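Engineer: Based on what follows, work out the 3D shape:
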Amino acid sequence: MANNDHQGTKDHRETYEGFMSVTKWGVILIVIALVLMAVFLV
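Structural biologist: Down below sits the predicted model:
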């Protein structure tokens, strides 16, 4: 049973790291889009 808990923790960590990576890149892309809009539309 301890092995299952360890595997669950590993899966949870991998899911969290994937989520954080997607979130980070999403925020970066939004910031770039806003900067470009500020430069070219204002």
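
Engineer: all contacts plus neighbour counts: C-alpha atoms, from now on.
Structural biologist: OK.

Engineer: Tell me where the protein has strands.
Structural biologist: In the chain, no strands are found when defined by DSSP state E.

Engineer: pLDDT weak spots in it?
Structural biologist: The model of the chain has pLDDT under 70 over residues 1-4.

Engineer: how about 50 then?
Structural biologist: Along the chain, the model assigns pLDDT under 50 to residues 1.

Engineer: Need the residues that contact stretch 35-42.
Structural biologist: Residues outside stretch 35-42 that contact it (CA atoms under 8 Å, 6 or more residues apart in numbering): none.

Engineer: Just the CA coordinates for that stretch, please, in PDB.
Structural biologist: Taking Å, rounded to 0.1, in the frame of the first residue of the first chain, the C-alpha atoms of stretch 35-42 are listed here in PDB:
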ATOM      1  CA  VAL A  35       2.600  44.400 -25.000                       C
ATOM      2  CA  LEU A  36       2.200  44.000 -28.700                       C
ATOM      3  CA  MET A  37      -1.300  45.500 -28.600                       C
ATOM      4  CA  ALA A  38       0.000  48.400 -26.600                       C
ATOM      5  CA  VAL A  39       2.800  49.100 -29.100                       C
ATOM      6  CA  PHE A  40       0.700  48.700 -32.300                       C
ATOM      7  CA  LEU A  41      -2.800  49.800 -31.300                       C
ATOM      8  CA  VAL A  42      -2.100  52.900 -29.100                       C
END
